[in-house]
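> pasting the sequence and the predicted model now:
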Amino acid sequence: MRAVQPRFNTLGIRHNAIQRQRFATPQPTSPGPLWQSPSLGSQQYSGQQHTVPYLPRHEACNSGLARFNMAAEEALLSWHVARQGALFHQTGWHWLEQHQQHEEGQSSAHPEEQQQALGDPIVGDAGAAQRVQAIDGSSVVKAFLSLLKQHCDTTQEQLACSGSHLVSTSRASQGDGTAESLGDSHWQRLLQQAEAALQQEQLQPQQASLILYVIAKLGRDSPAALLQGLLQQLQGQLQQLPPAGLTNVVWALAVLEYQLSDPARWFASFYTASGIMLHRQQFNKHQLTSLLWSVGKLKQQPPAHWIESVLAALRPSLPQLSRTQLSNSIWALSQIGYRPDRLWCKAWFGASYKALDSCNAHHLACIIGSLSLLRLRTADGRWLVLYRQCVQQQLLQTQPQQIATIMCGLAKLLSSQPPHWVTLLLRRQLQLLSTSVLAVQHATQPAVAHVAAQSAVKEQGAAAGVIRPPQQRRKPQERIRRTADIAATVWALPRLLYPTPKAWAMDPKHAALLRTLATVSLPLLPVCSAGELVQLAVGFAGLSYHPGTHWLKVHENAIAAKYSHLNEHNKARLRAAIKKLWLD
């Protein structure tokens, strides 16, 4: 075997060809400070009163040609220090000593956090090579995406096991909560690495958008400083993002419900960047619906030309959209408050007509509620007939709030419905409400304590600089949801049964349903809001149904406590309704 001639670098460390070939590819480094080696510890050598920690040394290869001569290394290193003593002062060697102490404290607490890919040695102006800790942005993004893939795999396994009766107790316990299965310590390490990469400016715009997307997708607690830093970095670089990256950023912002410090300026940059891409037709149908939904979720008021550009680009793809995308698009327009033109509405109704058969209860309620807010009605009666059939098919899977949304939405559209269909919805609503009204009565006082506890937790999280996901911050109270459902149901009945609401209420079978509705709403009257009390009175008055003297007295007492919250229009409606109820 031919001998390999050794060579010396600027610090006198000898390498050979085998080592150079090995160092060509990144190798995992050992935990601890960068200038410590697991085998050498923290050996130090003095030269001209300058303490120099020993530089890291990779494990030697099995070949004898790759072995180090420790004596020669020590002599060469001491000679180099004596020669380049002044250079260490110029390059900030005292800062490196302080950084070493800081790294020693971190490595003793979390040794596994130091197992990151390091950059190549950086050679100074005078040839002094030193290794600095540099976090690669691509490696951080890969770690986030790997965690997201693990989350998706775990979710799919849970969904697959939920339909089987052979799930073991241990398997079920592992699937309780994705946060526990993924590991909080690993998640915190990833967040720390992302913060470090952000501070070192190692993240490219696309990488920053992917990190935001993963954080929003996983729904985990995240530092507010990290989110703010990522969004501030992306504010001036939105035009450098591809269409998918720009969509991920605004989608993550909507899912996290993050409050920007300067939303007008940030969204001005967003509308400019997305407007250029819209002009170049770079968005596909999925990205267009995601953009529209995100802006609606954020309650933004985008420029009219921006919405027109999005709708114009989305219109040819409406027949290919899924049921979720169709409902999301019309819901977003209702939240923005923008009513599209007649041709776009006609294309949307045509596309939704083909997708109604596959819609579930949530989609059906979302569609009719959004249409009622936009005051959009179709001239094709077949759409409404098919919608009623789909609602009837999904009736057993509906929830009280969905039935209330469907009835209230149709009532706002001034759309009279067949009495037998309205009766079916009312029967199902009473079944659902009767089973929960007793639990709501007992939960009235605990609900107040629950709200106070949630407020305290939110304040603690805000003080600690932690952004909690919306599903952890927002837990609607059952009593508030049930009172709103009952009030909307009673208010919608006379409008759905027009022009014969009184005749329908006089039927003994229907009168029994109304009596049950009054009984269910009676214990909830003290906790109803002022608007809900007005809706109850107006609804029963429109049906010409007397709910009972006791019901009216409890209703009046509840109104007296909230009368100052009513405007003049609601006061007039309330007086007319109460007068009619007492006269009947």
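Perfect, I can see it now.
> C-alpha from now on. contacts and neighbour counts both.
Fine.
> residue contacts, residue 407?
488, 489, 492, 493, 496 (C-alpha atoms under 8 Å, 6 or more residues apart in numbering).
> element containing it?
Assigned by DSSP states H and E, residue 407 belongs to helix 400-412.
> CA atoms only for that helix - export them in PDB, please.
Output of helix 400-412 as PDB, limited to C-alpha atoms (Å, rounded to 0.1, in the frame of the first residue of the first chain):
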ATOM      1  CA  PRO A 400     -79.200  21.200  17.100                       C
ATOM      2  CA  GLN A 401     -77.100  24.100  15.900                       C
ATOM      3  CA  GLN A 402     -77.200  22.700  12.400                       C
ATOM      4  CA  ILE A 403     -81.000  22.400  12.300                       C
ATOM      5  CA  ALA A 404     -81.400  25.900  13.700                       C
ATOM      6  CA  THR A 405     -79.000  27.200  11.100                       C
ATOM      7  CA  ILE A 406     -81.000  25.500   8.300                       C
ATOM      8  CA  MET A 407     -84.300  26.800   9.500                       C
ATOM      9  CA  CYS A 408     -83.100  30.300  10.200                       C
ATOM     10  CA  GLY A 409     -81.200  30.500   6.900                       C
ATOM     11  CA  LEU A 410     -84.300  29.500   4.900                       C
ATOM     12  CA  ALA A 411     -86.400  31.900   6.900                       C
ATOM     13  CA  LYS A 412     -84.100  34.800   6.200                       C
END
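> what are the boundaries of the strands in the stretch 351-500 of the chain?
Along the stretch 351-500 of the chain, the stretches classed as strands by DSSP state E, counting those that start in this stretch are 466-467.
> which intervals of it have sub-threshold pLDDT?
Within the stretch 351-500 of the chain, the stretches with pLDDT under 70 are 436-480.
> which residues of it fall in helices?
For the stretch 351-500 of the chain, the helices defined by DSSP state H, counting those that start in this stretch cover 361-374, 381-393, 400-412, 419-442, 444-463, 470-473, 478-496.
> got the buried residues for the longest one?
Okay, so that is helix 419-442. Of all the residues in helix 419-442, those buried under the rule 16 or more other C-alpha atoms under 10 Å are 422, 423, 425, 426, 428, 429, 430, 433, 437, 440.
> between those, which is closest to residue 233?
Of all these, residue 440 has the smallest distance to residue 233: 47.0 Å, by C-alpha to C-alpha.
> between the contacts of residue 407, identify the one with the most neighbours.
residue 489 (28 neighbours; other C-alpha atoms under 10 Å).
> now that one. Nearest residue, chain neighbours left out?
Leaving aside its chain neighbours, residue 489 sits nearest to residue 404 (5.4 Å; criterion: C-alpha to C-alpha, 6 or more residues apart in numbering).
> how about the longest helix along the chain: buried residues?
Ranked by residue count, the top helix of the chain under DSSP state H comes out as helix 137-162. Buried residues in helix 137-162, defined by neighbour count with 16+ other C-alpha under 10 Å: 137, 140, 141, 143, 144, 145, 147, 148, 151, 154, 158, 161.
> stretch 351-371 too?
Going by 16+ other C-alpha under 10 Å, stretch 351-371 has these buried residues: 351-353, 355-356, 359-371.
> check which helices and strands the longest helix of the chain is in contact with.
helix 178-182, helix 184-199, helix 205-218 (3 or more C-alpha pairs under 8 Å, 6 or more residues apart in numbering; DSSP states H and E).
> packing partners of the following helix or strand past the last one?
Once helix 205-218 ends, the next helix or strand along the chain (criterion: DSSP H and E) is strand 222-223. Counting contacts by 3+ C-alpha pairs under 8 Å, 6+ apart, strand 222-223 packs against strand 466-467.
> residue ranges with poor pLDDT in the stretch 101-250 of the chain?
101-134, 157-183.
> residue 510: which of the contacts of residue 407 is nearest?
Residue 510 lies nearest to residue 493 out of the contacts of residue 407, by C-alpha to C-alpha, at 11.5 Å.
> ok, that closest one touching residue 541?
No. Contact criterion C-alpha atoms under 8 Å: residue 493 and residue 541 do not qualify, at 10.7 Å.
> common neighbours of those two, please.
With contacts defined as C-alpha under 8 Å, 6+ apart, no residue is shared by residue 493 and residue 541.
> in what helix or strand does the closest residue to residue 228 other than its chain neighbours lie?
In this structure, residue 228 finds its nearest non-sequential neighbour in residue 260, 7.8 Å apart by C-alpha to C-alpha, 6+ apart. Assigned by DSSP H and E, residue 260 belongs to neither a helix nor a strand.
> could you give the number of residues near residue 260?
Neighbour tally, residue 260, other C-alpha under 10 Å: 15.
> and it, what's its pLDDT?
If you check residue 260, the pLDDT there is 89.
> what is the end-to-end distance of stretch 225-244?
One end of stretch 225-244 to the other measures 24 Å (C-alpha to C-alpha, to the nearest Å).
> no wait, stretch 541-551
13 Å.
> for that stretch, buried residues please.
Residues 541, 542, 543, 544, 545, 546, 547, 551 are the ones in stretch 541-551 that count as buried (16+ other C-alpha under 10 Å).
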